[in-house]
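> Have a look at this fold, sequence not included:
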């Protein structure tokens, strides 16, 4: 029997384009082939390779929740050749998607616990998938707290959802912008993410912390969480190294004994401490 | 299933004609522009005799340096994807050294663990490896340090070993080897207690690969990687000639209406290998990339697949423009 071509992407129609922040867009993608939509499933935390035909593939997380069926969403910044080509796509255009790849955030293991999400800048998308996944099964979890920061008000992504979360009684949200990044009518917090977390002093007992952001935010947030009593197996993050295959073959994302595309992208702090810092 | 037979030089020459008649392409080491490379041959006389091994490896026969993965046509609001099946041809790799033959085992592991790579497999399935034991070695060779040897049968379907009295011992090792022999069984004779070792090259082990792997976790922050790689110019030649290096890139070749997606050889020694679009590079220094090369081959790969991703062929050392010798560097690490 002929073998399957593992590099063949699904064809996806860009169903909706949302401008999130300067050079940052969210695409809602629907399967061109309805059968693919029926057979497709993924877990929160997984990623894919998105192709702009003619330019190449780029790796991003799936930013939507697996509880929302029939489509996936991705949020990306136009930085390189492929992301610029993707950013030029309009509603109705066709792109490619390979995935889902990688491991997952083990939310089934987190049932009955408090969840603390800490995100910075364009690192909210992977956590947004988890947050919606948990909100869509709200009874399964205790307190849900989100601390999200960006350089400026303009750089915040999912502003429309942040407003929604702000109004919900079942989620505590603190949104902050770096000093100088606020506008005259800004009602949120001003300050870097780590001191805001420190002010909130979330309790670590029976709590899982999910942290994703730029290296400087991670660097200052992790020691803080440890001071608050979070143990390294209760702190999760997700890595994103450069990838080509997503299948554990091309060698690019290899970090220590781990292939981020297969053994990651989700790691606990305890697992990260076992790896060389080549990410 | 291994059976040991003999074949005379005259019969081996006759076997080439039989293989040709059976539609098999034969690739063997032969002179190309003053170097020894694998090339299509029709007769045994075309095969270079007095040589260590080709500059490039045989991996290209199953994993070409550039190959198509898919193609597509584009129109506004529409993309037509076209799957691709590589053209293949039954091929005999004649006279591969045991190290190179063993290299296929590493490629098989990477391309088929977890998911199966149909491109590699389609080509690989067409290959019959007729290995040829080594009667000479040079100071780049270190097969015996990484679990191989000048007469090792790993990766060969048939292994020929020259005999002092002329002719070859012919070990038929796999079903594919058996099928090749069955094309002309009369050319083979029963063996009669010949000494396989008599003409084999002597390759003294320089280190022991399990011991080397055990050393690596404690040496990650050692200065040895910077010291060894100070002269490395990051050209990637080592990976391109390597029979086990499998790291690849995926690139696009397209105009506004159509295009194809291509897989190309790549190397962890190149700066762009891990470079993020943001400018961040997890392995920004050459010493970090050299360390990755060693750790991947002798640590991470060995842990996942049960042996080193290196066959000790020495091609990298012979190809290196700044004379880095892998055997010497590994021995130095082993002796720390």
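Structure received. Keep in mind the model is a prediction, meaning the values are calculated, not measured. Residues are numbered from 1 along each chain as shown, chains lettered A, B, ... in the order given.

> Which strand in chain B has the most residues?
strand B:66-75 (DSSP state E).

> near chain A, anything from that strand?
Yes: Strand B:66-75 is in contact with chain A by Cβ under 8 Å from any Cβ of the partner chain, via B:69-70, B:72, B:74. For every residue, glycine as well, the C-beta is placed using N, CA and C.

> how about JSON lines for those residues, with pLDDT and distance to residue B:295 added?
Converted to JSON lines, the residues of strand B:66-75 next to chain A look like this (pLDDT from 0 to 100; distance: Cβ to Cβ, whole Å):
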{"residue": "B:69", "pLDDT": "98", "distance to residue B:295": "28"}
{"residue": "B:70", "pLDDT": "98", "distance to residue B:295": "33"}
{"residue": "B:72", "pLDDT": "98", "distance to residue B:295": "37"}
{"residue": "B:74", "pLDDT": "96", "distance to residue B:295": "41"}
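
> Mind checking which of those are buried?
Among the residues of strand B:66-75 next to chain A, those scoring as buried are B:69-70, B:72, B:74 (criterion: 16 or more other Cβ atoms under 10 Å in any protein chain shown).

> got the contact list for residue 2?
Since no chain was named, I'll use chain A. B:85, B:118 (Cβ atoms under 8 Å, 6 or more residues apart in numbering or on different chains).

> wait, I meant chain B there
Going by Cβ under 8 Å, 6+ apart, residue B:2 touches B:153, B:171-173.

> Show me which helix or strand of chain A is least confident by mean pLDDT.
Scoring the helices and strands of chain A by mean pLDDT, DSSP states H and E places helix A:215-227 at the bottom, with a mean of 91.

> Say whether chain B is contacted by the first helix or strand past that one going along the chain.
Next along the chain after helix A:215-227, taking DSSP states H and E as the criterion, comes strand A:235-238. No: against chain B, strand A:235-238 shows no contacts by Cβ under 8 Å from any Cβ, the least distance being 15.0 Å.

> so how far is strand A:235-238 off the chain centroid?
Centre-to-centre, strand A:235-238 and its host chain are 11 Å apart (Cα atoms, centre = their mean, to the nearest Å).

> what residues does the stretch 201-336 of chain B put near chain A?
Going by Cβ under 8 Å from any Cβ, the residues of the stretch 201-336 of chain B near chain A are B:220, B:246-252, B:254-256, B:259, B:261, B:263, B:266, B:268, B:273-278, B:282-283, B:288, B:292, B:295-296, B:299-300, B:303-304.

> In strands, which of those residues fall?
Filtering those for strands - DSSP E - leaves B:248-252, B:254, B:259, B:261, B:263.

> got the contacts of residue B:2 as a markdown table, with distance to chain A and secondary structure columns?
Shown next, in a markdown table, are the contacts of residue B:2 (distance: Cβ to the nearest Cβ, whole Å; DSSP: H, G, I helix; E, B strand; the rest coil):
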| residue | distance to chain A | secondary structure |
| --- | --- | --- |
| B:153 | 27 | coil |
| B:171 | 31 | strand |
| B:172 | 28 | strand |
| B:173 | 25 | coil |
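
> Next, give me the two most distant ones among these.
B:153 and B:172 (10.3 Å; Cβ to Cβ).

> what ranges of the chain fall below the confidence cut-off?
Let's take chain A. Residues of chain A that meet the criterion pLDDT under 70 lie in A:1.

> not quite, I wanted chain B
In chain B (pLDDT under 70), the answer is B:1.

> at 90 instead, please
Applying pLDDT under 90 to chain B picks out residues B:1-2, B:49-50, B:76-77, B:278.

> In it, which residue is most central in space?
Centre of chain B computed as the mean C-alpha position; nearest residue by Cα atoms, centre = their mean is residue B:243, 2.3 Å away.

> re the thing from before, could I get the buried ones among the residues of strand B:66-75 next to chain A in CSV, plus columns for distance to residue A:88?
Below are those laid out as CSV (distance: Cβ to Cβ, whole Å):
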residue, distance to residue A:88
B:69, 24
B:70, 22
B:72, 17
B:74, 13
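
> What count of nearby residues applies to whatever residue of the stretch 1-150 of chain B ends up closest to chain A?
Going by Cβ to the nearest Cβ, chain A is nearest to residue B:118 of the stretch 1-150 of chain B, at 3.6 Å. If you count neighbours by other Cβ atoms under 10 Å in any protein chain shown, residue B:118 ends up with 20.

> and it, backbone torsions?
Per-residue torsions, residue B:118: phi -70, psi -30 (degrees, to the nearest 10).

> Which residues does residue B:94 form beta bridges with?
Beta-bridge partners recorded for residue B:94 (DSSP bridges): residue B:130.

> Pull out the buried residues from the top helix by length along chain B.
Criterion DSSP state H: the longest helix present in chain B is helix B:98-112. Across helix B:98-112, burial judged by 16+ other Cβ under 10 Å covers B:98-104, B:106-111.
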